[in-house]
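Engineer: give me a model of this one.
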Amino acid sequence: MSESFNKDELEAPEWMNKSFFEEVLRKCEKTDWIMVKDVKMSPATLKGDHYASVMFRGKITYDSKKGKGLLKSLIIKTMPQVEGHKMDMLQESFIFETEISMYSETIPKFEAELRKIGDKTVLGAKVLYHSLKPHKCIIFEDIVPLGYETLKKRAADLTDSKLAFLKLAKWHAVSYKLAAEGDKSMTDYKHGLFSIKDFDTNPFIEGGLRALTNKCETVDELKQYAPKLQAMQKDLMKRCSESFNTYRQENPKGVFVLCHGDFHSKNMMFKKKSYGETEDVMLVDFQISYFGPAVMDVIYGLYMVINEDVRTNHHDEIIHYYCSNFIETLEKLKFQGNLPKISDFFIDILRHRHWEIFLMSTLLPVWCALDKGSMDFEELMTSEDLRESLYQNDDYIIQIKRLLPMMFHRGYLD
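Structural biologist: Just a heads-up that it's a prediction; the model follows:
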């Protein structure tokens with residue numbers, strides 16, 4: 001069983017003990033008397049489901065004024081304690097400060113705005129406890145008992161995708177309105193992916209386009225694209241960083257919102273109706289949320305949420321669906337400023353095409369590999385052999401054969 005989980009989640013740290021959970025339960029249940037009888041800890045997710053934190057599931061049996069033998073299931077997220085690439089990369093980051101602020105302040109603010117128009121959309125799981133000292137941690141209500149689960153080794157189908165992009169559209173629209181009305185807390189979120197230490201110089205991140213170029217040179221029908229990809233390698237990460245920081249530039253152009261920042265299917269949990277159809281999706285993991293171009297999340301989702309069939313046959317439909325709901329939500333909120341047009345989003349997608357090329361060349365092969373089983377992200381970040389093997393995946397090559405001609409015809413490779 002240990003092979004199915006991240007090695008740093010096989011054993012909980014010593015401070016996650018009975019006295020710690022008594023403190024947690026006293027705060028979240030607002031009572032002065034709690035006695036924890038038993039604590040059972042286990043990994044919260046499977047290997048490959050996340051990277052930028054360590055997560056445990058705690059089954060806490062306790063007595064309180066409400067009764068004896070009570071049971072509460074908690075999800076505990078904390079910083080890496082095991083030395084290695086993950087700990088080095090995240091030690092100086094702002095991910096916990098960002099996520100605590102998102103859950104404790106921003107998400108409740110967003111939901112309050114939606115409640116004003118009778119929209120009962122829930123944007124995040126309930127936070128029960130958070131702390132930065134002596135240990136950085138956030139504790140959530142476990143939503144698995146509420147019927148939510150991950151997709152388990154499959155990408156989202158059309159129904160799943162539309163629910164995810166609908167929730168994103170509402171999220172983005174509320175943040176767009178608040179920022180336009182002068183709420184500076186939106187623009188205070190500045191620490192996205194490119195704020196993480198050495199992110200853009202990591203061999204895995206920086207070398208993806210080079211690996212794809214090398215693969216194209218060996219496939220007859222892709223050889224024509226190799227020179228164009230080769231020419232983009234020098235500036236790709238610089239261009240992606242500029243896209244993330246567009247709002248901070250002089251006279252920025254585009255539609256700007258508070259982005260989720262890591263909008264992929266592993267950061268979503270889906271709830272099914274009794275007959276199997278998806279009825280809700282819960283977004284999780286707001287560690288790298290930042291204020292920037294709305295389409296950065298949209299493009300991310302086109303590669304990291306939807307399956308290959310949806311991307312091939314419903315690509316523009318998904319974008320249109322997101323844009324329509326973004327604009328409709330603003331109208332319902334009685335937004336008084338200038339409403340973006342759907343064409344504005346498509347223009348922004350072309351403007352930030354380097355981000356799409358990065359996703360296609362670097363993260364999509366990872367997602368294709370995850371469809372075949374779990375993956376050790378620590379090894380992925382440090383093993384050149386493992387990274388090279390991603391580009392031999394037949395499923396990835398099939399997708400590249402469809403994506404590169406599309407990008408070429410749209411001018412993405414100019």
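Engineer: check which helix or strand covers residue 257.
Structural biologist: Secondary structure assignment for residue 257, by DSSP states H and E: strand 256-259.
Engineer: parallel or antiparallel, list what pairs with that strand.
Structural biologist: Take DSSP bridges as the rule and strand 256-259 pairs in its sheet with strand 290-293 (antiparallel).
Engineer: CA atoms of the helix or strand that comes right after the partner strand as CSV?
Structural biologist: Where DSSP H and E defines the elements, the next helix or strand beyond strand 290-293 is helix 294-304. Output of helix 294-304 as CSV, limited to C-alpha atoms (Å, rounded to 0.1, in the frame of the first residue of the first chain):
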residue,chain,number,x,y,z
ALA,A,294,-8.4,35.4,-16.5
VAL,A,295,-7.4,33.3,-19.5
MET,A,296,-4.4,32.0,-17.6
ASP,A,297,-6.8,29.8,-15.6
VAL,A,298,-8.9,29.1,-18.7
ILE,A,299,-5.9,27.9,-20.8
TYR,A,300,-4.7,25.8,-17.8
GLY,A,301,-8.1,24.1,-17.6
LEU,A,302,-8.1,23.3,-21.4
TYR,A,303,-5.0,21.1,-20.8
MET,A,304,-5.3,20.1,-17.2
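Engineer: counting by contacts, list what helix 294-304 packs against.
Structural biologist: helix 158-180, strand 256-259, helix 315-332, helix 342-351, helix 353-358, helix 364-370 (3 or more CB pairs under 8 Å, 6 or more residues apart in numbering; DSSP states H and E). In short, each C-beta sits where N, CA and C put it, glycine included.
Engineer: how far away from the center of its chain is the second one?
Structural biologist: For strand 256-259, the gap between its own C-alpha mean and the chain's C-alpha mean amounts to 14 Å (CA atoms, centre = their mean, to the nearest Å).
Engineer: show me what secondary structure element comes after it.
Structural biologist: strand 268-272.
Engineer: who's in contact with that next one?
Structural biologist: The contact list for strand 268-272, computed with CB atoms under 8 Å, 6 or more residues apart in numbering, reads 143-144, 146-151, 156, 160, 163-164, 278-284, 305.
Engineer: quick one: buried ones out of those residues?
Structural biologist: With burial judged by 16 or more other CB atoms under 10 Å, the buried subset of the contacts of strand 268-272 is 143, 148, 150-151, 156, 160, 163-164, 278, 280-284, 305.
Engineer: which ones among the residues you listed map onto strands?
Structural biologist: Among the buried ones among the contacts of strand 268-272, the ones falling in strands (DSSP state E) are 148, 278, 280, 281, 282, 283.
Engineer: quick one, domains of the chain?
Structural biologist: 2-90, 95-124+149-410 (automatic domain parsing).
Engineer: which one of these has the lowest average pLDDT?
Structural biologist: Confidence, taken as mean pLDDT, is least for domain 2-90 of these (a mean of 80).
Engineer: ok now it, how far from the chain's centre?
Structural biologist: 22 Å.
Engineer: burial measure for residue 211, as a count.
Structural biologist: 18 (other CB atoms under 10 Å).
Engineer: my guess is it contacts residue 391. True?
Structural biologist: Yes: Residue 211 lies in contact with residue 391 (CB atoms under 8 Å); the separation is 5.1 Å.
Engineer: what does the strand holding residue 257 rub up against?
Structural biologist: Residues contacting strand 256-259 (CB under 8 Å, 6+ apart): 106, 171-173, 175-176, 179, 186, 189, 192, 246-247, 289-294, 296-297.
Engineer: what about residue 72, is that helix, strand or coil?
Structural biologist: strand (DSSP: H, G, I helix; E, B strand; the rest coil).
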